[in-house]
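Colleague: return a 3D structure for these sequence lines:
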Amino acid sequence: MPSRRRQTDLPRDGTPERACTPVVRRRRLHDRRLDLDVEGAGLNAPFRVLGALCVVGAFTGAGCAADPPSSVVGIVVDGCGSVRTTGSGVVVDDDLVLTSAHTLRGATSVVVEAGRERREASVVGFDPDLDLAYLRADLAGIRPTGIVRADDGEPGFDRARAWAVRDGTVVEIDVDVVRAIRLETEDIYVEGATVRPAFELRATLEPGDSGGPILTGDGVVGVLWARSTRNSDVAYAIDAARGTSRLDAQLVDADLGDVDLHRCD
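Modeller: Numbering: from 1, shown residues only. From the prediction side, this is the model:
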């Protein structure tokens, strides 16, 4: 059989984007614009996908355990030619994994890796605009980590951790959560404009897996997405609570609508 090249879900070339950034303070949003040049799939600019993060941010809230949670899993995808794509995800309900949609683009086969276990998975939720997806797999024995809002009470959280799987290992890197933002970008096929509820992160990151979770002691608050090419210490995550409404509707209806899972471009 021909050899297959293993890689993380790397991006495509394009042009810089802009973001409208509301700074959350006592539930009031202050908007201003700033130029972004983001490295990531589904953008009109090249990006590096993220590794795992230990977040100690500018927000307030509960912390979390030091040990890597069992709910963090790896994603292995075959599709779109001979390229094998890898990503990360988090088990948010029984047998249900939240991850990045761009990792699954054009998938013909999806496997969830939990420790030494490999389980076949199916796509049951897919949002190309907000770049999030749900997978269903037999993950008995893994305790889920539920999705929670990040700004309940006084804004955000002061200690959280974000994680991703690299080469079969759950890893962690320190970052700061700077602020909540509304990120103006394009869908994962670079066809139309979209606005993503997100968090700006301050971190110096190595290329790695996107789709990994940002966790507080209460649950999943964000999904790692991309890092800036203009500022090496700036990265972004999608707000999990505000970004999954379309996925939840697809899950209830057992229908992905007009989504084409086999589409690569």
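Colleague: what ranges in the stretch 151-265 of the chain fall below the confidence cut-off?
Modeller: 151-158, 173, 175, 204-209 (pLDDT under 70).
Colleague: give the helix, strand or coil label for Ala249.
Modeller: Secondary structure, DSSP: H, G, I helix; E, B strand; the rest coil: Ala249 is helix.
Colleague: cool, Arg246 as well?
Modeller: Per three-state DSSP, Arg246 ends up helix.
Colleague: show the contacting residues for it.
Modeller: Gly125, Asp127, Asp129, Leu130 (Cβ atoms under 8 Å, 6 or more residues apart in numbering). (Glycine included, C-beta is placed from N, CA and C.)
Colleague: quick one: which of these is nearest Pro68?
Modeller: Of all those, Pro68 sits closest to Gly125, with 24.7 Å by Cβ to Cβ.
Colleague: bridged to that closest one, which residues?
Modeller: Beta-bridge partners recorded for Gly125 (DSSP bridges): Tyr134.
Colleague: who's in contact with Arg149?
Modeller: Val221, Ala241, Arg242.
Colleague: in what helix or strand does the last one lie?
Modeller: Counting by DSSP states H and E, the element that carries Arg242 is helix 240-243.
Colleague: just the buried residues of stretch 82-94, please?
Modeller: Val83, Thr85, Thr86, Gly87, Ser88, Gly89, Val90, Val91, Val92 (16 or more other Cβ atoms under 10 Å).
Colleague: looking at the contacts of Arg246, state which has the most neighbours.
Modeller: The residue in those with the most neighbours, by other Cβ atoms under 10 Å, is Leu130 (28 neighbours).
Colleague: quick one: secondary structure of that one?
Modeller: Looking at Leu130 with three-state DSSP, the answer is coil.
Colleague: got a pLDDT number for it?
Modeller: You'll see Leu130 listed with a pLDDT of 98.
Colleague: name the surrounding residues that touch the helix holding Arg242.
Modeller: 92, 98, 127, 130, 132, 147-150, 196-197, 213-214, 220-223.
Colleague: out of those, which are buried?
Modeller: Taking 16+ other Cβ under 10 Å as the criterion, what is buried in the contacts of helix 240-243 is 92, 98, 127, 130, 132, 147-148, 150, 196-197, 213-214, 220-223.
Colleague: among those residues, which are located in strands?
Modeller: The strands, defined by DSSP state E, take in Val92, Leu98, Asp127, Leu132, Arg196, Pro197, Pro213, Ile214, Val220, Val221, Gly222, Val223 from the buried ones among the contacts of helix 240-243.
Colleague: need those in CSV (columns: distance to Ile188).
Modeller: Listed next are these as CSV, based on distance: Cβ to Cβ, whole Å:
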residue, distance to Ile188
Val92, 20
Leu98, 16
Asp127, 9
Leu132, 10
Arg196, 11
Pro197, 16
Pro213, 19
Ile214, 20
Val220, 21
Val221, 22
Gly222, 18
Val223, 13
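Colleague: which one of those residues is nearest Asp187?
Modeller: Closest to Asp187, out of all of those and judged by Cβ to Cβ, is Asp127, at 9.0 Å.
Colleague: once you drop chain neighbours, what's closest to that closest one?
Modeller: Nearest in space to Asp127, with sequence neighbours left out and distances taken as Cβ to Cβ, 6 or more residues apart in numbering, is Arg246 at 4.6 Å.
Colleague: quick revisit: closest to Val110 among the ones in strands among the buried ones among the contacts of helix 240-243?
Modeller: Leu98 (13.7 Å).
Colleague: what about that closest one, distance to Asn231?
Modeller: Distance from Leu98 to Asn231, counting by Cβ to Cβ, to the nearest Å: 27 Å.
Colleague: just confirm Thr194 contacts Arg182, I think it does.
Modeller: No - Thr194 lies out of contact with Arg182 (Cβ atoms under 8 Å); the separation is 10.6 Å.
Colleague: so where's the longest strand in the protein?
Modeller: Under DSSP E, the chain gives strand 174-186 as its longest strand.
Colleague: just the buried residues of that one, please?
Modeller: Under 16+ other Cβ under 10 Å, the buried positions of strand 174-186 are Val175, Asp176, Val177, Val178, Arg179, Ala180, Ile181, Arg182, Leu183, Glu184, Thr185, Glu186.
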